[in-house]
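**Student:** Any chance you could fold what I've pasted below:
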Amino acid sequence: MKYQAVLGSKALPGVGQITVPFPIPDSEYDHIIGMLENMSIGSPTVQDCWVLELDSPYPILNRLTTQSVNVDELDYLAKRLDSFSEGENIKFEAMASKLNLSSIRDFINLTFCCQRATVITDFSDLERIGKVHALTVSGESMPVEAFERLDYRAVALDLIQRAPGMVTPYGVVYSNGMKLEQVYDGQHFPAYLHQTPQLMIELKSGSEGETTGYLYLPCPEKQVERTLARAGCGQEGFRMEITMDDLPPQVSAVVSLTGDGLDEINELCRAVEPLNAEQREKLGAVVLLARPNYASEVRQLAENLDRFDFVPKPSNPDTDCALTELGYVAYHGSLTLEELMQEDPAEQYRQEMGGLA
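**Tutor:** This next block holds a predicted model:
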């Protein structure tokens with residue numbers, strides 16, 4: 001579920017306020033962060049955004065009102081909650097109430113463990129209560145045979161009569177031994193895939209290579225900058241590793257974290273992301289044909305796929321084409337492939353046509 005917050009500066013109340021939707025849409029991210037920066041708030045590492053109002057499906061989050069938080073913490077929490085089912089929503093609020101949580105750090109950590117709790121909102125159906133509780137304590141991994149043999153009414157009665165439940169505004173909650181673990185330390189966000197990225201890059205720093213953050217590409221430019229700042233970019237021993245790769249394999253073979261800049265890799269991922277399965281296979285064949293050396297060159301190919309013809313399965317084409325391991329690919333543009341892979345092939349095309357004229 002999504003929410004929005006009215007943010008301002010506690011130190012500089014005269015700078016005004018801004019209403020921010022969470023999770024922040026990628027298309028609005030750079031603009032919103034720019035507006036916060038103009039108000040002298042929105043630091044990537046400091047809790048400098050004063051929450052004036054919060055409009056949320058989670059009443060428990062109103063406890064954040066009048067607190068100063070970090071905008072990326074609000075965004076991360078929203079992404080975690082955005083994937084919750086209705087049952088998880090109730091568990092989150094009930095356990096937050098039971099534990100009397102009020103800080104955004106605790107709220108974020110609760111999203112990683114609240115699933116272990118059982119919440120009863122209706123005591124009239126003991127069979128259902130028993131089933132839900134049995135699945136919860138087993139981590140939803142109970143063998144089918146064992147699940148079918150259980151007396152769910154007895155399971156429910158045992159829970160109600162023996163376990164210490166607590167009445168909250170969201171139902172009677174049983175923690176089942178759940179403990180609030182410090183998964184989020186207040187600076188380094190744990191890995192979380194809100195959406196499937198083209199590339200996931202793990203950021204590490206220090207002599208022991210401690211994980212300090214993750215990049216999910218493509219993402220807004222300012223998000224790259226802020227993530228690197230939070231992760232300690234520039235510190236001794238800082239390095240990056242690709243830990244998840246959804247690019248076509250022929251494209252992945254070209255991408256290099258040492259040979260390409262993050263900006264170029266991010267732009268490449270942005271160009272590849274909207275391609276469907278057929279277009280991605282075509283891009284792979286074009287890469288085999290053109291043999292680019294850098295991510296920026298692959299991006300140009302991805303943005304100019306319409307200049308190529310591709311036949312996935314071997315045939316006897318009439319056009320002049322080349323056979324790659326993925327199929328036949330033919331280029332029918334007026335520029336050479338080397339010219340096409342440059343930063344502005346359209347400008348070169350205009351110059352060429354102007355020369356002909």
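
**Student:** Now do the buried residues in stretch 289-307.
**Tutor:** Neighbour counts over stretch 289-307 (16 or more other C-beta atoms under 10 Å) mark 289-290, 292, 294-304, 307 as buried. Every C-beta, even on glycine, is put in place using the N, C-alpha and C of the backbone.

**Student:** same question, stretch 54-71
**Tutor:** Using 16+ other C-beta under 10 Å as the test for burial, stretch 54-71 gives Leu54, Ser56, Tyr58, Ile60, Leu61, Arg63, Leu64, Ser68, Val69, Asn70, Val71.

**Student:** related to what we said a few turns ago, among the buried residues of stretch 289-307, which are in helices?
**Tutor:** Leu289, Ala290, Ala295, Ser296, Glu297, Val298, Arg299, Gln300, Leu301, Ala302, Glu303 (DSSP state H).

**Student:** check contacts around Met83.
**Tutor:** One thing to correct before we go on: residue 83 is Ser, not Met. Applying C-beta atoms under 8 Å, 6 or more residues apart in numbering to Ser83 gives the contacts His194.

**Student:** Quick check, pLDDT for it.
**Tutor:** Ser83 is assigned 92 on the pLDDT scale.

**Student:** Same check on Gly171?
**Tutor:** pLDDT, Gly171: 96.

**Student:** For it, give me its contacts.
**Tutor:** Gly171 makes contact with Ile90, Ala94, Val119, Ile120, Thr121 under the criterion C-beta under 8 Å, 6+ apart.

**Student:** can you do 6 Å?
**Tutor:** Counting by C-beta atoms under 6 Å, 6 or more residues apart in numbering, Gly171 makes contact with Ala94, Val119, Ile120, Thr121.

**Student:** Can you tell me the element Thr243 falls in?
**Tutor:** strand 239-245 (DSSP states H and E).

**Student:** again, but for Lys204
**Tutor:** Assigned by DSSP H and E, Lys204 belongs to strand 199-205.

**Student:** ok so, going back, got the ones in helices among the buried residues of stretch 289-307 as CSV, with distance to Val167 columns?
**Tutor:** As requested, these are exported to CSV (distance: C-beta to C-beta, whole Å):
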residue, distance to Val167
Leu289, 68
Ala290, 67
Ala295, 57
Ser296, 60
Glu297, 63
Val298, 59
Arg299, 57
Gln300, 62
Leu301, 62
Ala302, 57
Glu303, 59
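
**Student:** which one of the residues you listed sits closest to Thr227?
**Tutor:** For these, the residue nearest Thr227 by C-beta to C-beta is Ala295; the value is 18.6 Å.

**Student:** contacting residues around the closest one?
**Tutor:** Val255, Asp260, Glu264, Ile265, Leu268.

**Student:** Distance-wise, check the residue nearest to Gly177 when sequence neighbours are not counted relative to Ser85.
**Tutor:** In space, and not counting its chain neighbours, Gly177 is closest to Arg116: 7.5 Å by C-beta to C-beta, 6 or more residues apart in numbering. From Arg116 across to Ser85, the span is 15 Å (C-beta to C-beta, to the nearest Å).

**Student:** what about the most centrally placed residue in the chain, which helix or strand?
**Tutor:** Among the residues of the chain, the one closest to the centroid is His194, at 3.7 Å (C-alpha atoms, centre = their mean). Assigned by DSSP H and E, His194 belongs to neither a helix nor a strand.

**Student:** doesn't Leu81 make contact with it?
**Tutor:** No. With contacts counted by C-beta atoms under 6 Å, His194 stays clear of Leu81, the gap being 10.5 Å.

**Student:** quick one: the helices in the stretch 151-300 of the chain?
**Tutor:** 152-162, 221-231, 249-252, 262-272, 277-290, 295-303 (DSSP state H, counting those that start in this stretch).

**Student:** and among the ones you listed, the most buried is which?
**Tutor:** Highest mean neighbour count of those: helix 295-303, a mean of 23 (counted as mean count of other C-beta atoms under 10 Å).

**Student:** Just give the closest residue to the residue nearest to the centre of the chain, not the sequence neighbours.
**Tutor:** Spatial nearest neighbour of His194, excluding adjacent residues (C-beta to C-beta, 6+ apart): Lys79 at 4.1 Å.
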